[in-house]
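*Asks:* Sequence below, structure please.
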Amino acid sequence: MRYFHSGLVAACALVAAGCSDGVTDPSVQAISVTQFLPSHSALRGQLREILEEQNGGLGFEMWATILDRDGRVVDVVFSGEQRGDQWPGSRVISAQKANTGNAFSLTGFALSSANLYAPVQPGGSLYGLQESNPVDPAVAYGGKVTDVGTTKDFMIGKKIGGINVFGGGLGLYTPSGTLVGGIGLSGDTACTDHIIAWKLRHELNLDNVPAGVAPTNTDNIIYAVGTIDGFEHPTCFDTPGQGDHIAIANGLPASHPVGPGE
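*Replies:* Next up, the predicted model:
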C-alpha cells in the first residue's frame, strides 16, 4: 500500500493488533512520527539555520512544536539562547498551530492553519471552528518553568488541543505519504510563521503533501486579493532586510517543493 513506510511496517510487527487490510493500528500511528524526527538539539539547530535566511516579517526568534497524529506533543524547541528571547505566549500558539495542521489534514488532503483564516470569519462556512477544540490549560501551563522548551517540557507526551487560524501550522507527511502529525511555528508575523514552518517541514522531509486548496495543489498560504471568501489569508508586513514575505511564500512550492524527497 502506498502509505506504508518501512519503519511503520516494522513497528506493526511488534504490535499484537498488527496492521491488516490496509488499516493502521492507532497505537502505531500515534508514535510513528518520532521515527522521522532528529534529536531535540538537531531540530533546534535546523530551526536556527532557517532563521538565518530571508523569511520576511520581523526577524524575531521562534518557537516550534511537533505533535503526533493523536495530538500528543513530541517536541518543543525555541531558537533563541534562552526561553525569554522569543515571545513567551508563542509557545502555546505554536502548539495550537501544530494541532490545527494535524487535526484538519487527512491522508489524501492537507489544510494549513493559514488556509482556515477566511472560512472562520463571520458568515464563513467554518465560522466557530476556532472555538471547537480548546487548549487544555493544565497541559499548556503545567510543569517547571525551567523545563519549557527542553526535552522535559511539560507539554511533551500530552494532548494540548487548540485551534489557530493564521499562518504557521502544517500537517506532516512521511516520504511514503503517511500522515503522522503536525508542526507549528510562532514568534513572528503569521505570514513568516507559515514560511518558516514550511521550510522546517521541508528540512525534516515530512512534506509529501498529497493535495491542498492552494493553486499549486498544496497547503501553501493563499494571500487575499480583495475579498476574503475562500481559503485566503491576509498579507502581513516586513521590516528592512527581512525580504518580501509575499514573494517568498508564493515561491515556496518551487524553492522548497513538497514531495517524497530522498
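*Asks:* got the residue ranges for the strands in the stretch 151-262 of the chain?
*Replies:* 169-173, 179-186 (DSSP state E, counting those that start in this stretch).
*Asks:* Can you lay out the ones you listed as JSON lines showing distance to residue 133?
*Replies:* Every residue, glycine included, has its C-beta placed from N, CA and C. Shown next, in JSON lines, are the strands of the stretch 151-262 of the chain (distance: least, CB to CB, whole Å):
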{"stretch": "strand 169-173", "distance to residue 133": "12"}
{"stretch": "strand 179-186", "distance to residue 133": "12"}
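*Asks:* Can you tell me which of those strands is most buried?
*Replies:* For these, ranked by mean neighbour count under the definition mean count of other CB atoms under 10 Å, the leader is strand 169-173 at a mean of 32.
*Asks:* so who does the residue nearest the centre of the chain touch?
*Replies:* Among the residues of the chain, the one closest to the centroid is residue 183, at 2.2 Å (CA atoms, centre = their mean). Residue 183 makes contact with 64-66, 97-98, 101, 169-170, 172, 197, 200-201, 204, 206 under the criterion CB atoms under 8 Å, 6 or more residues apart in numbering.
*Asks:* ok, of the residues you listed, which come out buried?
*Replies:* Neighbour counting by 16 or more other CB atoms under 10 Å classes 64-66, 97-98, 101, 169-170, 172, 197, 200-201, 204, 206 among these as buried.
*Asks:* tell me which of the residues you listed is nearest to residue 114?
*Replies:* Of all those, residue 169 has the smallest distance to residue 114: 7.7 Å, by CB to CB.
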